[in-house]
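**Q** Okay, here's the prediction I keep looking at, along with the sequence it came from:
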Amino acid sequence: MKYLCLCYYDQAQFDAMTKDELEGMRRECQPHDEALHASGHLVAVASLALPAASRTIRAGNGDASVTDGPYAATNEPVGALFIIEAQDMDEAVRIASLHPGAHIGHRLRGGIEVRPFNTFVQT
């Protein structure tokens, strides 16, 4: 079964970090990224642009409307996502715990949501 893992962070904490702190955090992430890749369960991984870079499409009366910004205003946006393959939720949580967000999340007051899904099409 495949699992979507959404990595959340506190926007104010992120915005307050200096360039040196961000670079140090990136260096600290490397062994955790390597462990996630080495697990053999990683299907895809991506970092997301800041929420302000997004646009939202909403259903209207027979048409769609587009607005600038994220779907939901929040102080804890999604900053990254990854997809893993696991036998069950317990294994998925164990694998997701290899992601850097599980180790440095305390700095950004972040966390990881693990959610199963059934359909996946590669293009």
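**A** Happy to help now that I have it.

**Q** List the contacts of stretch 80-100.
**A** For stretch 80-100, the surrounding residues in contact (CB atoms under 8 Å, 6 or more residues apart in numbering) are 1-7, 28-29, 32-33, 35-36, 39, 41-48, 101-102, 112, 114, 116, 120. Where you see a C-beta, it was placed from the backbone N, CA and C, and this is true even at glycine.

**Q** What's the end-to-end length of that stretch?
**A** 11 Å (CA to CA, to the nearest Å).

**Q** Pull out the buried positions in that stretch.
**A** Neighbour counts using 16 or more other CB atoms under 10 Å place 80-86, 92, 95-100 of stretch 80-100 among the buried residues.

**Q** Also stretch 58-67?
**A** Quick answer for stretch 58-67: no buried residues (16+ other CB under 10 Å).

**Q** And the strands in this structure, which stretches?
**A** 2-8, 42-47, 55-59, 64-68, 78-85, 111-117 (DSSP state E).

**Q** quick one: the last one to chain centroid distance?
**A** I take that to be strand 111-117. Chain-centre distance of strand 111-117: 9 Å, with CA atoms, centre = their mean, to the nearest Å.
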